[in-house]
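Visitor: With the input below, show me the fold.
(chains A and B)
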Amino acid sequence: MLKVQHLFKSVPGIDILSDISFSLPENETAVLLGPSGSGKSSLLRVLAGIEKYDRGTLLWNKNNLHSLKKGAIGMVFQNFQLFPHLSVLDNLCLAPQLAKQEKVTRRAEEILEHFGLDDKKNNYPHQLSGGQKQRIAIARTLMMQPEILLLDEPTSALDPEMVGDVADLLKDIKTSCKLLIVATHELRLAQKIADHVIFLESGKVLEMQEGQNFFKTPKSKRAQSFISKMS
Amino acid sequence: MQFDVMLSSLPFLLEGVLVTLKFTLLSLACGLPLGVCLAFCKIGKSCILKSLAAAYTSVFRGTPLLVQLSIIFFGLPALTGYNMSPFVAGVLTFSLNSAAYISENIRSGLVSVDKGQWEAAELLGLSHKQAFRHIILPQAFRTTLPSLVNEWINLLKESAIVSIIGEADLFRRAQVIAAEKYLYFEPYVTVALCYFILVMILTFLAKRLENRLAYA
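Guide: This next block holds a predicted model:
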């Protein structure tokens, strides 16, 4: 279980995250929902350990979240951050090879095949479409067998009509990790994948509910107006 | 025009081409690692190293190359009593000078790599060193390559300056031929052509390397 308690982060004059607290059980998908600037990406980056926070407690199964081994928290960035000078296969294999894992190439080829990208293994990132880049970025993260997988705005760099494909992809990879957390402001995506919704605004958790309950009966007025505007 | 007279001096000039090439390559070989070290100092966390590297660059970019060469070839022996050959003094001056320019090129190449690449590497479990070696440096190199080639071309052309301290490079040999044969137009035009051909070959090779890296 992931437990976040009284998490604060600020820069001079602005509270980025303010008293964030929630718990998420394993084997579920949580969606951080909210308008732009609500703190979704910052929260993800704090959870990933690439951004500092001022105070608060982050626990994963009662242990410090950031004491997990390297690669145990995976993150897929909004702009994917594939390594442009490496082929698709090398993008997948570099980190596990440096970590001295075994049968890396075979595993990478299996993952690529699963994602329907086995014919792209020798291509370079600039030769891929947005959707392909995203799948490669996810595949690269999965190569490190993460316990927690974080995705930042997975649809923002893609055509709106691809929301359904992304939802299918995320459902598909749900079993590859213990917890999947997705930050998005794309309501259709959230509806399709969320077991839990954490609704954020101005760095605060306004509401947390089980997925379908949130979309049927949002409690806060802000969440109600957000859903009605985005529907 | 007596270009036919130049034919007999061609072997002498070609030896000068070799001297110029050797001089340029050695200067680059010494200047590049020094430039890389200076670039690391500039992007590093130590304020002292940052300031020292910045001061070094300012001095070498802020004074004429001819003055630097004169200080090293004429000034240093007067101060230390140690005499250097024109070739050594030339290589030393050009290495120190080009390191200042190279460091700036490499520094800008390193900082131009998206910060997200560091983050992605870190999240995949790469150490800082591994991220630098496998992710950042290759990308920075690709960005820096055109300016490094420019630096090399400048080095090749400016190497003619070593003729003033008596090094028998390409340009010096043109001066010798001019003095011997009382010809001034032909030797210098021939030498200009030699420099031009060398620069064109270098540009062609650099373009090929750039294209190869760009495809990757």
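
Visitor: Which residues does the lengthiest helix in chain A contact?
Guide: With secondary structure taken from DSSP state H, chain A has its longest helix at helix A:130-142. For helix A:130-142, the external contacting residues (Cβ atoms under 8 Å, 6 or more residues apart in numbering or on different chains) are A:74-77, A:80-82, A:88, A:91-92, A:95, A:108, A:111-112, A:115-117, A:120, A:125, A:128, A:149, A:151, A:154, A:157-159, A:162, A:165-166, A:169, A:173, A:176-177, B:123-124. From N, CA and C alone the C-beta is placed, and that goes for glycine too.

Visitor: do the same with stretch B:111-128
Guide: With contact meaning Cβ under 8 Å, 6+ apart, stretch B:111-128 is reached by A:48-50, A:69-71, A:73-75, A:77, A:79, A:81, A:83, A:94-95, A:98-99, A:140-141, A:144, B:43, B:130-131, B:134-136, B:139-140, B:143.

Visitor: What residues does A:G71 make contact with?
Guide: When contacts are counted by Cβ under 8 Å, 6+ apart, A:G71 touches A:95, A:99, A:144-146, B:123-125.

Visitor: Let me know the closest of those to A:A30.
Guide: A:P146 (14.9 Å; Cβ to Cβ).

Visitor: Quick check: which element contains the closest one?
Guide: Following DSSP states H and E, one finds A:P146 outside all helices and strands.

Visitor: Could you do A:F199 as well?
Guide: Per DSSP H and E: strand A:196-201 holds A:F199.

Visitor: Export only the CA atoms of that strand, formatted as CSV.
Guide: Extracted C-alpha coordinates of strand A:196-201, given in CSV (Å, rounded to 0.1, in the frame of the first residue of the first chain):
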residue,chain,number,x,y,z
HIS,A,196,-9.5,5.4,-7.6
VAL,A,197,-9.7,9.1,-8.5
ILE,A,198,-7.8,11.7,-6.5
PHE,A,199,-9.1,15.1,-7.6
LEU,A,200,-6.6,17.9,-7.1
GLU,A,201,-6.8,21.7,-7.4
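
Visitor: neighbouring strands for it, and are they parallel or not?
Guide: strand A:28-33 (parallel), strand A:204-210 (antiparallel) (DSSP bridges).

Visitor: can you redo those strands as TSV with distance to B:E151, mean pLDDT and mean neighbour count?
Guide: Output for the strands paired with strand A:196-201, formatted as TSV (distance: least, Cβ to Cβ, whole Å; pLDDT from 0 to 100; neighbours: other Cβ atoms under 10 Å in any protein chain shown):
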stretch	distance to B:E151	mean pLDDT	mean neighbour count
strand A:28-33	48	94	25
strand A:204-210	53	92	18
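
Visitor: so which of those gets nearest B:N211?
Guide: When the strands paired with strand A:196-201 are ranked by proximity to B:N211 (Cβ to Cβ), strand A:28-33 comes first, at 43.6 Å.

Visitor: What helices and strands are in contact with the lengthiest helix in chain B?
Guide: Among the segments of chain B that qualify as a helix by DSSP H, the longest is helix B:3-43. Secondary-structure packing of helix B:3-43 (3 or more Cβ pairs under 8 Å, 6 or more residues apart in numbering or on different chains; DSSP states H and E): helix B:47-62, helix B:86-111, helix B:137-158, helix B:170-181, helix B:185-215.

Visitor: Now tabulate these in TSV and tack on distance to A:G39 and mean pLDDT.
Guide: Below are the helices and strands packed on helix B:3-43 laid out as TSV (distance: least, Cβ to Cβ, whole Å; pLDDT from 0 to 100):
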stretch	distance to A:G39	mean pLDDT
helix B:47-62	34	96
helix B:86-111	28	94
helix B:137-158	31	89
helix B:170-181	65	90
helix B:185-215	39	87
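
Visitor: ranking these by burial, who's on top?
Guide: Comparing the helices and strands packed on helix B:3-43 by mean neighbour count (mean count of other Cβ atoms under 10 Å in any protein chain shown), helix B:86-111 comes out on top with a mean of 22.

Visitor: between that helix and helix B:47-62, what angle do the directions make?
Guide: On the basis of axes from the mean of the first three to the mean of the last three Cα atoms, to 10 degrees, helix B:86-111 is oriented at 120 degrees to helix B:47-62.
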